[in-house]
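A.B. asks: need coordinates for the below:
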Amino acid sequence: MELENLTIEDIEDFFWKAAKDGWGSGKVEKQKISSLPGYKCIPFESGRFSILDAYCVTPLNDKSAGMMTIWFDKIPVWIMHYGGEYPEQVIPFLKLALQDTIMRQDFIGGRGPKRFVHGNYPNLLYVNTVDNDLDRFSNFSGLESIFENGHTVGHHYYRGMSLI
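C.D. replies: The predicted structure is shown next:
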């Protein structure tokens with residue numbers, strides 16, 4: 001396959017492979033980025049594709065931000081940015097919500113489902129509101145939030161697009 005024949009479906013197929021076997025699996029070791037103090041990254045490669053999920057969390061509060069980039073033959077072909085804040089105690093619940101869409105290969109802004117609850121966290125509710133659902137994987141944005149007993153405890157804005 002040459003770059004000019006690359007399709008958005010090819011990129012999305014790699015995204016799901018990377019999610020299941022790479023960054024979303026919890027099995028890939030996080031690395032530090034020497035040129036970006038405070039950042040951690042989760043790399044994954046398969047064939048001519050590679051992905052890097054790079055993010056930072058400040059020790060000053062619960063805010064975090066990051067970006068995920070997919071390359072084909074070292075050429076960037078897809079990107080997503082995200083940022084917001086979550087208290088540490090809801091991160092395990094957030095990871096469950098993200099795993100839900102990974103296991104079903106259901107792309108909803110690259111985050112979790114539109115609505116998610118889990119029996120281990122009876123007071124928490126995850127809600128993902130996609131602003132633009134029309135282009136799904138190639139042009140999207142939205143807001144994910146976690147509520148505890150009806151009150152917002154954290155959120156992330158996200159935005160992504162295809163570069164082909």
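
A.B. asks: just the helices in this structure please.
C.D. replies: In the chain, the helices defined using DSSP state H lie at 8-21, 91-104.

A.B. asks: nearest to Met161, of these?
C.D. replies: Between Met161 and the helices of the chain, the shortest gap by CB to CB is with helix 8-21, which sits at 10.3 Å. To be clear about C-beta, it is placed using only N, CA and C from the backbone, and glycine gets the same treatment.

A.B. asks: hang on, the earlier thing: as JSON lines, the helices of the chain with distance to Gly112, mean pLDDT and mean neighbour count would be great.
C.D. replies: Formatted as JSON lines, these follow (distance: least, CB to CB, whole Å; pLDDT from 0 to 100; neighbours: other CB atoms under 10 Å):
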{"stretch": "helix 8-21", "distance to Gly112": "12", "mean pLDDT": "94", "mean neighbour count": "18"}
{"stretch": "helix 91-104", "distance to Gly112": "3", "mean pLDDT": "94", "mean neighbour count": "17"}
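
A.B. asks: format those helices as TSV; extra columns: distance to Ile70.
C.D. replies: Putting these into TSV (distance: least, CB to CB, whole Å) gives the following:
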stretch	distance to Ile70
helix 8-21	6
helix 91-104	15
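
A.B. asks: out of these, which comes closest to Ile33?
C.D. replies: That would be, of these and by CB to CB, helix 8-21, which comes in at 17.9 Å.

A.B. asks: okay, the angle between that closest one and helix 91-104?
C.D. replies: Here the directions of helix 8-21 and helix 91-104 differ by 130 degrees (axes from the mean of the first three to the mean of the last three CA atoms, to 10 degrees).

A.B. asks: helices or strands up against helix 8-21?
C.D. replies: strand 39-46, strand 49-57, strand 63-72, strand 75-85, helix 91-104 (3 or more CB pairs under 8 Å, 6 or more residues apart in numbering; DSSP states H and E).
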